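Novice: A structural model of the following input is requested.
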Amino acid sequence: MTEEIAVDLEFLRRFEAGLDPLHPERSALPARVLGYGEISTVIACDAGDPSLAYKRMPLFDSGTEAEAYVGLYEQYTAVLADAGIHVAPGRMVWLPRANGRGAVIYLAQQKLPAHTIAHKALQHLKPPLALDLFAAVLDQFGKVFTFNDTHRGEVEVGFDGQLSNWAITDYDPENGRLPQPLHLTYFDTSSPLLRRQGVEQLNAEIFLRSAPSFLAWLLKRFYLEDVVTRYYDPRQVAIDLLANLYKEQRPELIPDLVAMCNERWADGGQGNGRFPTITPSEVAAYYRQDAFIWRLYLGARRLDRTLHRLLRRPYPHILPGKIRR
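Specialist: This next block holds a predicted model:
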């Protein structure tokens, strides 16, 4: 199990009650946005513990549902640790919403220096060191793949291994080198994808709570299962990692990294490896499709926020600004 983080629940209640989702910095307890996920937001608030960052999750229909999610998070992080992944300490808590409608979840973790987040570090790394960083990330992938292979049909974890989900211990960009040995910490643990006896334990429809009602049914029917399943597929996880190099403005690294992935896990057409060979063109096509879908989704959410405002209804979600892709 990961180390316990002390969380001031009374502070979180006051923060949530006074939160301005449109302008978090104008909340009763002003907050800074540290980062955005596709469905969640990472914030910091100096009125609370200044050493902590809080990830605010999609809204839940009831305390019972939120409590079950917290329990699944604890199982998920324990299984990741069993797989050999160094997981960032965190504590997930839920509290009733101030308006009495459902519950909200916050994941509290120690605030990480921005320069230690792997995708931020990548911006300053020349190709030899960038390849070393990816090799270390792929080593972590291998631990998860091996764990799932060994425990297939018993317990398996879904895994989102993008660079933005890793921190590099003791990394100092000023010296122009990566620390040796290179230790990585995985901190994006808020989506606890976990299968037991082949059955998904997470109610993935929770992720649609922040989607506009006019789009949620479409996402559920045509996209939700694919999004969840991809994180159990080693090949899809690898392609997703590589495709994000377009978003990080480092596409020149893709050919070498495709070769690195193929050398480790592709079967070379012989049928004796983990998956069919990945190609750079496949990575590019994956990125184009994924970027289109997320642009469409974010655009629909912004439209939904505008409709809420026109109808004088509160919009409870924090949306990102423009995302460079």
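
Novice: can you map out the helices along this structure?
Specialist: With helices called from DSSP state H, the chain shows them at 9-17, 63-82, 118-122, 127-150, 213-222, 224-230, 234-247, 254-265, 280-310.

Novice: right, and the ones you listed - which one's nearest Phe159?
Specialist: For the helices of the chain, proximity to Phe159 was assessed by CB to CB; helix 127-150 is nearest, at 4.8 Å. C-betas here are computed from N, CA, C, even on glycine.

Novice: what's the burial count for Thr229?
Specialist: By the measure other CB atoms under 10 Å, the count of residues near Thr229 is 14.

Novice: confidence-wise, which of the helices of the chain is weakest overall?
Specialist: Of all the helices of the chain, the minimum mean pLDDT falls on helix 213-222 (a mean of 76).

Novice: packing partners for it?
Specialist: Contacts defined by 3 or more CB pairs under 8 Å, 6 or more residues apart in numbering; DSSP states H and E place helix 213-222 against helix 280-310.

Novice: any idea which residue sits dead centre in the protein?
Specialist: Centroid-nearest residue in the chain: Asp188, 4.7 Å away (criterion: CA atoms, centre = their mean).

Novice: so that residue sits against Asp160, correct?
Specialist: Yes - Asp188 lies in contact with Asp160 (CB atoms under 8 Å); the separation is 6.2 Å.

Novice: and the helices of the chain: which comes nearest Asp46?
Specialist: Of the helices of the chain, the one closest to Asp46 (CB to CB) turns out to be helix 9-17, at 11.1 Å.

Novice: buried residues, the closest one. List them.
Specialist: Phe11, Leu12, Arg14, Phe15, Glu16 (16 or more other CB atoms under 10 Å).

Novice: can I get it in PDB, CA atoms only?
Specialist: Below are the C-alpha coordinates for helix 9-17, written out as PDB (Å, rounded to 0.1, in the frame of the first residue of the first chain):
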ATOM      1  CA  LEU A   9     -11.700  17.400   5.200                       C
ATOM      2  CA  GLU A  10     -13.100  20.600   6.700                       C
ATOM      3  CA  PHE A  11     -10.900  22.600   4.400                       C
ATOM      4  CA  LEU A  12     -12.100  20.600   1.300                       C
ATOM      5  CA  ARG A  13     -15.700  21.100   2.300                       C
ATOM      6  CA  ARG A  14     -15.200  24.900   2.500                       C
ATOM      7  CA  PHE A  15     -13.300  24.900  -0.700                       C
ATOM      8  CA  GLU A  16     -15.900  22.900  -2.600                       C
ATOM      9  CA  ALA A  17     -18.700  25.100  -1.200                       C
END
